[in-house]
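Engineer: A predicted structure for the sequence below; I have some questions about it.
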Amino acid sequence: MVIIDKEKCIGCGLCVSDCVGDNIIIEDGKACLKDSCIQCGHCVAICPMNAVSIPDYDMDEVEDFDKNRFGFDIDNLLHTIKQRRSIRQFEDRKVEREKLEKLVQAGRYTATGSNSQNCRFVIVQDGMDEYKKMIWKGIDYAIETPGVLPEDRRLSFKKVADRRAKGIDFMFRNAPAVVYVASPSPVNAALAAQNIELAAVSMGLGVMYNGYVVGATNMNPEALKWLDMEDKPAAVCMLLGYPSVEYKRSAPRKEADVRWR
């Protein structure tokens, strides 16, 4: 629950005006909570006196705003977005644990509907060999067993399996790591994945979103159990690693389909 320190509170009303649930009022010159809330943290972030806390969270992680550290240049950001590419060629090199942990931070601080924070981040790197065998076992079973997959999807997976038989790693692209975002909300997962990708690019890493792996994972109970995702379906999967290819320029795109009113 939200706790308001009455000794620090000056009754400015900023938390009242910013509360998404209209759940804070001013009484006797102090902010007071009316009911339980979704713990979005807006009141913590906006209070000029640092009078608000949420003990359910680690308050030591809360950072004071510093324009020099928190801001970024919009042109640089747009250049980064334009230059990012889906990576299909990776170096034979592991990703450092420190960088993986920063990717998790980028994901967990992403907005979620109603502050549900219902995304789980699963990172596979040390167990890649065991993991790949498990996924391929599930795919082979689905291809060979009538009725497991719709025919068009079965043929799609069969093409991937055929390439594998020829020594082409079309599924995993020799990536050293895989990052899942598991969530009952595809929107929350997609938002988190986008922040994770931008964070990855900023550290010299690259990703490729892989729908094949998502489908292969969700139809394989053994894999879901191993990944600890039995209660939350895989919504997004990204192959992750250091790119072994260098792009010299951004790729062209269609004109934006936009309406101004």
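Structural biologist: The structure has been received and is ready for your questions. Residues are numbered from 1 along each chain as shown.

Engineer: ok, and the closest non-adjacent residue to residue 134?
Structural biologist: Spatially, and ignoring its direct neighbours in sequence, residue 134 is nearest to residue 223 (4.9 Å; C-beta to C-beta, 6 or more residues apart in numbering). Placement of C-beta: from N, CA and C, glycine included.

Engineer: Residue 176 too?
Structural biologist: That would be residue 241: by C-beta to C-beta, 6+ apart, it lies 4.5 Å from residue 176.

Engineer: circling back: could I get the pLDDT score of the residue nearest to residue 134?
Structural biologist: pLDDT, the model's per-residue confidence, is 95 for residue 223.

Engineer: cool, residue 141 as well?
Structural biologist: 89.

Engineer: Break the chain down into its domains, please.
Structural biologist: What the record gives for the chain is the domain set 3-61, 74-241, from automatic domain parsing.

Engineer: most packed of those?
Structural biologist: Of all the domains of the chain, domain 74-241 carries the top mean neighbour count, a mean of 17, counting by mean count of other C-beta atoms under 10 Å.

Engineer: Just the terminal-to-terminal distance for that domain.
Structural biologist: As for domain 74-241, its first-to-last residue distance stands at 26 Å under the measure C-alpha to C-alpha, to the nearest Å.

Engineer: quick one: it to chain centroid distance?
Structural biologist: Once both centres are worked out by C-alpha atoms, centre = their mean, to the nearest Å, domain 74-241 turns out to sit 10 Å from its chain's centre.

Engineer: Stretch 21-39 too?
Structural biologist: 31 Å.

Engineer: CA-only coordinates of it, as CSV, when you get a sec.
Structural biologist: Once non-C-alpha atoms are left out, stretch 21-39 reads as follows in CSV (Å, rounded to 0.1, in the frame of the first residue of the first chain):
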residue,chain,number,x,y,z
GLY,A,21,-7.3,6.5,-9.8
ASP,A,22,-8.5,9.8,-8.1
ASN,A,23,-7.5,8.1,-4.9
ILE,A,24,-5.8,10.9,-2.9
ILE,A,25,-7.4,13.8,-1.2
ILE,A,26,-6.2,16.7,1.0
GLU,A,27,-7.4,16.7,4.6
ASP,A,28,-6.3,19.1,7.2
GLY,A,29,-3.6,20.3,4.8
LYS,A,30,-2.1,16.8,4.3
ALA,A,31,-2.5,14.3,1.5
CYS,A,32,-4.5,11.2,2.5
LEU,A,33,-5.2,7.9,0.6
LYS,A,34,-8.9,7.1,0.1
ASP,A,35,-8.8,3.5,-0.9
SER,A,36,-6.4,0.8,-2.1
CYS,A,37,-4.7,1.6,-5.4
ILE,A,38,-2.9,0.0,-8.4
GLN,A,39,0.5,1.3,-6.9
